[in-house]
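Trainee: pasting a predicted model and its sequence here:
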Amino acid sequence: MALYCVALFLGSVMRGMVRVRVPLCAGTLVLRKVGKEGVFGPTVGKFSLHNETSPNGLRLIDFAGAQNMVISSTRFMHKKINQATWLSPDRNTRNQIDYVVIDGRHASSVLGERTIRGPDIDSDHYLVAAKIRTRLNAAKTKEQKTQGKLDVEKLQSQQTANDFATRLSHLLSESTTHPAGIQEQWEHISKALRTAAEEKIGYRRPRKNIWYDAECRVVPETKDAAYRATLKASATRGMCERYRELKKEARRLFRKKAEAEGRKCEELELLATRNNARKFYQKIRRQTEGFKNGANSCRKENGDLVTDVQRVVKLWRQHFPALLQGGSNSSRRYEEPDPAIDDDTSPRPIMTKLE
């Protein structure tokens with residue numbers, strides 16, 4: 001009954017897609033297997049993974065035939081490993097239960113279709129990719145180039161900063177003719193800066209989730225490596241168990257980071273509603289600017305400013321032993337104060353002297 005309702009719903013959706021140029025459906029239904037029987041005509045191809053059609057597969061074929069559509073997933077010959085779209089929990093049984101159905105008029109627009117097993121999508125299903133050729137009349141519009149933001153945070157790395165400076169000096173010195181006017185000189189310098197920055201720094205990628213930091217990038221890489229290990233023919237049960245544990249760990253980490261970010265947003269909303277502007281802007285500044293190192297500078301005894309990190313460390317290394325051992329400078333600066341005068345020890349005057 002449920003499957004019959006799904007078929008009715010899909011039929012109503014397809015009838016509402018009259019103005020759509022290329023009607024196309026993609027999805028999964030439990031135990032929907034399309035076989036290689038030749039009685040279904042052009043609706044089904046000859047290269048299915050299964051030999052016999054299941055009852056749900058018959059419903060899919062009836063739906064496609066009623067809507068003048070074609071099951072394009074069975075029209076292309078591939079290896080069996082590239083036809084299976086679902087892997088059972090026993091890691092041995094593979095079925096083809098995900099299909100792409102397209103309008104019969106545009107069936108020739110599908111140039112290829114196969115299963116993509118590489119991407120880790122946290123599912124027992126594989127991705128199904130189809131290569132489709134479209135014939136659309138696109139209006140000629142003037143291309144507008146958007147100016148991206150350079151990732152200047154990479155300049156904090158000394159290696160990146162040196163590479164950028166070397167490339168910039170090379171671009172500024174490679175010009176054979178020197179510009180005469182100020183405008184030409186500025187254009188030459190601006191072009192050199194932009195070229196060196198694009199090559200050595202790159203543009204900043206938009207971040208949808210602020211909480212997605214370096215730790216969140218390492219965990220998925222480890223999980224993807226474990227997933228690729230399970231795709232090999234020599235995969236063992238221990239590899240599969242390790243992949244499941246890493247998948248759970250990644251979900252836990254993402255949930256923890258997202259909840260922490262949500263609590264920070266709730267605190268900001270609470271401070272805003274209570275009109276506590278001081279703490280509100282302090283938290284905003286802390287979240288947007290992040291951690292900042294202190295100034296790496298120091299002054300010598302004669303007052304000269306030292307900015308080199310190694311020399312600053314050397315000065316502090318010389319200062320602390322002298323301070324702890326009580327050197328001449330420290331003893332002169334922190335000499336003990338004079339003892340307080342005790343008024344009780346001084347002789348008190350007698351009555352006759354007062355008279």
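Mentor: On my side now, so go ahead. Computed from a predicted structure; not experimentally measured.
Trainee: show me the protein divided up by domain.
Mentor: Per automatic domain parsing, the domain ranges recorded for the chain read 2-132, 152-200, 214-289, 298-326.
Trainee: buried residues, the last one. List them.
Mentor: Buried residues in domain 298-326, counting neighbours by 16 or more other CB atoms under 10 Å, are found at 298, 312, 315. Quick note: C-beta positions are derived from backbone N, CA and C, even for glycine.
Trainee: how far away is the second one from residue 155?
Mentor: Applying CB to CB, to the nearest Å, the value for residue 312 to residue 155 is 21 Å.
Trainee: for the first one, same thing?
Mentor: When distance is defined by CB to CB, residue 298 is 24 Å away from residue 155.
Trainee: per-residue confidence for residue 246?
Mentor: As predicted, residue 246 sits at a pLDDT of 91.
Trainee: what sits against it?
Mentor: Applying CB atoms under 8 Å, 6 or more residues apart in numbering, we find residue 246 in contact with 219, 222-223, 226.
Trainee: pull out the buried members of those.
Mentor: Applying 16+ other CB under 10 Å to the contacts of residue 246 flags 219, 223, 226 as buried.
Trainee: nearest to residue 287, out of those: which one, please.
Mentor: Closest approach between the buried ones among the contacts of residue 246 and residue 287, by CB to CB: residue 219, at 22.4 Å.
Trainee: so who does that closest one touch?
Mentor: Contacts of residue 219 by CB under 8 Å, 6+ apart are 246, 249-250, 253.
Trainee: how does it look with 10 Å?
Mentor: 246-247, 249-254 (CB atoms under 10 Å, 6 or more residues apart in numbering).
Trainee: just the buried residues from those, in ChimeraX please.
Mentor: Remark: buried members of the contacts of residue 219, expressed as a ChimeraX selection using 16+ other CB under 10 Å:
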select :246,247,250,254
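Trainee: tell me the centre residue of the protein?
Mentor: residue 212 (6.2 Å; CA atoms, centre = their mean).
Trainee: may I have the secondary structure class of that residue?
Mentor: Counting by DSSP: H, G, I helix; E, B strand; the rest coil, the backbone at residue 212 sits in coil.
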